[in-house]
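Student: no letters, just coordinates:
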């Protein structure tokens, strides 16, 4: 567990850059700790709407996925000792899940998806686009629940992503990668029952 020693009424923090080893010492306190070039980003636990969108997307993708692929939520991805990400949802080869203990390599991921929330707008819209492309993750989906919802699809084109291609609620989206799937983005926020 990481500790912060008080000095004259003020807290001091470990010297940056942080490393993945530093993160492993942090408490399991419900927050999401990620690293971008050694800088620590802390996010609160997801809101109920955020969880609904992740769950609905997980069910849609898992239902369409071929047997050799697996859809998972909130996995650890370690591109380097100074970079550590926790995507909301990923698609990985099922064979890889049998060998991974704690952290996936970016090369294991076929898709990383993030659901944008008020606390993650800047990170998901800019920082993760650049970080995931640099890590070589072939496909990034950014889901914007407050836009209907809308899905922004980024595909790796050399060292950066092309696009995004925008898919709005109210129309059926047919995507071919990482596998064929069709759905209306409105399904991601719709109440069931």
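Tutor: Here it is on my side, so go on. The model shown is predicted, which means the values in this text are computed figures rather than measured ones.
Student: point out where the protein drops to low pLDDT.
Tutor: 1-15, 193 (pLDDT under 70).
Student: tell me where it has helices.
Tutor: 20-23, 48-64, 94-97, 121-122, 128-135 (DSSP state H).
Student: turn those into TSV, including distance to residue 86 and mean neighbour count.
Tutor: Using the backbone N, CA and C atoms, a C-beta is placed for each residue, glycine as well. As requested, these are arranged in TSV below (distance: least, CB to CB, whole Å; neighbours: other CB atoms under 10 Å):
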stretch	distance to residue 86	mean neighbour count
helix 20-23	10	16
helix 48-64	12	17
helix 94-97	16	13
helix 121-122	16	12
helix 128-135	11	20
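Student: turn the ones you listed into CSV, including distance to residue 164.
Tutor: Output for these, formatted as CSV (distance: least, CB to CB, whole Å):
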stretch, distance to residue 164
helix 20-23, 29
helix 48-64, 16
helix 94-97, 26
helix 121-122, 15
helix 128-135, 8
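Student: so which of those helices is nearest residue 112?
Tutor: When the helices of the chain are compared by CB to CB, helix 128-135 sits nearest residue 112, at 5.5 Å.
Student: for that closest one, packing partners?
Tutor: Applying 3 or more CB pairs under 8 Å, 6 or more residues apart in numbering; DSSP states H and E, we find helix 128-135 packed against strand 77-80, strand 83-85, strand 111-115, strand 139-144, strand 150-157, strand 160-168.
Student: contacting residues around the residue nearest to the spatial centre of the chain?
Tutor: Residue closest to the average C-alpha location in the chain (CA atoms, centre = their mean): residue 87, at 1.7 Å. By CB atoms under 8 Å, 6 or more residues apart in numbering, residue 87 lies in contact with 74, 75, 77, 109, 112, 113, 114.
Student: likewise for residue 45?
Tutor: For residue 45, the contacting residues are 30, 31, 32, by CB under 8 Å, 6+ apart.
Student: list the contacts of the last one.
Tutor: Taking CB under 8 Å, 6+ apart, we find residue 32 in contact with 42, 43, 44, 45, 74, 86.
Student: equivalent analysis for the second one, please.
Tutor: With CB under 8 Å, 6+ apart as the criterion, the residues that contact residue 31 are 42, 43, 44, 45.
Student: in stretch 28-40, which residues are buried?
Tutor: 32, 33, 34, 35, 36, 38, 40 (16 or more other CB atoms under 10 Å).
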